[in-house]
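J.: Okay, sequence plus prediction incoming.
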Amino acid sequence: MKFVKYTLLSLLALVVIAIIAAWVYLEPLVKGVVHKFGTQVVGTEVTLDGFKLHPIDGELEITGLKVANPQGYKEPNLLSLGGVFVKVNVKSLYTDNIVVENIRVTAPEITYEMPNYTTSNIQQIQENVARNTASNKNKKPVKEETAETKTAPAKNVVIRNVLVEDGKLSALTPLQKNGEALVLDLPAVEITGIGDGRKNMTIDESLTIVFNRILFNATSVATKALGNVSDAAKKLADEAAKQAGLMKKFGGQMPPQLPTPVYDGDGCKASGDKFGPECAGCWVFSASSAADRPVEIVDRNMNKILDPTEVYSGMYANINVNFFAYAAPGRKGIGCFFIAHLKKHLLL
């Protein structure tokens with residue numbers, strides 16, 4: 001009996017030691033995995049301060065997750081998450097569909113930097129994510145799979161609810177001549193039903209949707225908030241075109257009423273009709289190109305887009321335009337035309 005008793009006590013001691021060792025070595029292991037695979041996906045350094053795992057309840061708490069800015073930007077980090085709480089349906093881990101009941105992100109801090117008018121740190125990171133996830137998905141196995149080596153298909157992931165709240169945004173753009181960041185509150189973002197009704201939604205695809213949605217929200221807030229700053233830029237562009245046309249097109253005398261192609265999205269069109277809700281908080285303008293020089297539409301990798309369904313109303317894009325003065329019989333004004341390709345902007 002004593003032998004059995006001491007044997008059981010020894011086994012229990014080994015179990016306790018194993019649990020302690022797991023907790024001691026699990027944190028650096030997880031930090032290493034997050035750094036390795038996070039960096040591979042976003043193309044910049046991804047680090048993690050710490051985490052707490054509650055395996056019985058299927059709960060995970062993460063602190064200090066940071067995504068570094070790409071090289072060449074002023075601030076060290078693009079994204080810093082104050083805390084992340086994840087709740088997983090434990091029973092689903094043993095099925096083909098892993099169900100994440102809830103992801104709650106608190107106090108994210110995002111830096112939105114535009115070193116020039118055609119690119120930003122957020123855009124660059126989104127392009128990195130799209131390129132790296134696509135390349136990983138298209139990778140072919142080095143060896144042909146056999147019955148012995150064939151791996152099980154990736155499990156489908158469903159995320160029921162994602163809530164991001166209490167965020168802050170710091171915006172640095174060429175429109176801010178004083179070089180000071182514009183600090184803004186980010187509205188809460190809630191996403192539901194990621195992966196519902198879809199097969200083979202992997203965890204990296206699911207988290208990419210969440211990541212891009214957070215960045216898209218930040219970009220939208222920055223764009224709208226910088227509207228007051230862009231008012232000045234718009235006026236400068238108008239004024240430059242007017243002054244350029246004063247002598248060349250208007251005979252040295254400014255017309256009393258000078259139509260321009262730029263309208264306030266909160267106001268009305270030239271016809272008097274109101275703009276749609278998608279124009280709220282934005283400037284709206286029309287631009288054209290010569291019939292013999294149509295605008296080239298390209299994707300993020302500068303490849304021509306030939307599929308007409310890839311270009312649609314409400315699409316985001318990077319464009320280069322120029323304002324000019326014109327004078328035709330019976331009408332004078334300011335026009336706008338494209339001077340380069342139109343680059344489709346990736347959001348989600």
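T.: Ah, there it is.
J.: and the end-to-end length of stretch 52-70?
T.: 29 Å (Cα to Cα, to the nearest Å).
J.: How about that stretch, which residues are buried there?
T.: By neighbour count with 16 or more other Cβ atoms under 10 Å, stretch 52-70 contains the buried residues 53, 58-60, 62, 65-70. Where you see a C-beta, it was placed from the backbone N, CA and C, and this is true even at glycine.
J.: I'd like to know which of those residues are part of strands.
T.: Under the assignment DSSP state E, these contribute 53, 59-60, 62, 65-68 to strands.
J.: can you redo these as CSV with distance to Cys282 and pLDDT?
T.: As requested, those are exported to CSV (distance: Cβ to Cβ, whole Å; pLDDT from 0 to 100):
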residue, distance to Cys282, pLDDT
Leu53, 45, 82
Glu59, 41, 89
Leu60, 39, 86
Ile62, 36, 86
Leu65, 32, 88
Lys66, 32, 91
Val67, 28, 91
Ala68, 31, 94
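J.: Report the two of the residues you listed separated the most.
T.: Glu59 and Ala68 (27.8 Å; Cβ to Cβ).
J.: circling back: of all the ones in strands among the buried residues of stretch 52-70, which comes closest to Val41?
T.: For those, the nearest to Val41 is Val67 (9.8 Å; Cβ to Cβ).
J.: picking that back up, any idea which of the ones in strands among the buried residues of stretch 52-70 is closest to Thr219?
T.: Val67 (15.1 Å).
J.: my read: the closest one touches Ile125, true?
T.: Yes. Contact criterion Cβ atoms under 8 Å: Val67 and Ile125 qualify, at 7.2 Å.
J.: Show me the common contact partners of these two, please.
T.: Common contacts of Val67 and Ile125 (Cβ atoms under 8 Å, 6 or more residues apart in numbering): 42, 44, 78.
J.: Among the residues you listed, which one has the most neighbours?
T.: Comparing those by number of neighbours (other Cβ atoms under 10 Å), Leu78 comes first, having 25 neighbours.
J.: That one: which element?
T.: Secondary structure assigned from DSSP states H and E places Leu78 in strand 77-88.
J.: Beyond that strand, next helix or strand please.
T.: Helices and strands here follow DSSP H and E; after strand 77-88, the next one along the chain is strand 97-106.
J.: And that following strand, how far out from the chain middle?
T.: 19 Å (Cα atoms, centre = their mean, to the nearest Å).
J.: what's the answer for stretch 28-35, then?
T.: Computed by Cα atoms, centre = their mean, the chain-centroid distance of stretch 28-35 equals 24 Å.
J.: Mean confidence (pLDDT) on it, please.
T.: Per-residue pLDDT over stretch 28-35 has a mean of 74.
J.: Quick one: residues contacting the closest residue to Glu101 other than its chain neighbours.
T.: Using Cβ to Cβ, 6 or more residues apart in numbering and skipping the chain neighbours, the partner closest in space to Glu101 is Lys87 (4.6 Å). If you count contacts by Cβ under 8 Å, 6+ apart, Lys87 has them with 57-59, 100-103.
J.: For Asp196, state which of those is nearest.
T.: Nearest to Asp196 among those is Val100, at 11.7 Å by Cβ to Cβ.
J.: Verify the stated contact: that closest one with Ile191.
T.: No. Under the criterion of Cβ under 8 Å, Val100 makes no contact with Ile191, lying 11.5 Å away.
J.: Between the two, which is the more surrounded one?
T.: The neighbour comparison of Val100 against Ile191 (other Cβ under 10 Å) goes to Val100, with 23 against 16.
J.: give the contact list for that one.
T.: Going by Cβ under 8 Å, 6+ apart, Val100 touches 86-89, 157-160, 206.
J.: Check the spacing between it and Glu113 real quick.
T.: Distance, Val100 to Glu113, using Cβ to Cβ, to the nearest Å: 31 Å.
J.: got it, and Ile98?
T.: With Cβ to Cβ as the criterion, Ile98 and Glu113 are 35 Å apart.
J.: and what of Leu79?
T.: 12 Å.
J.: do Thr208 as well
T.: Using Cβ to Cβ, we find Thr208 at a distance of 21 Å from Glu113.
J.: which of those two has more neighbours?
T.: Between Thr208 and Glu113, Glu113 has the larger neighbour count (other Cβ under 10 Å), namely 22 against 19.
J.: which ones are touching the nearest residue to Val88 once chain neighbours are set aside?
T.: Closest residue in space to Val88, ignoring its immediate chain neighbours: Gly58 at 4.1 Å, by Cβ to Cβ, 6+ apart. Neighbouring residues of Gly58 by Cβ under 8 Å, 6+ apart: 87-90, 93.
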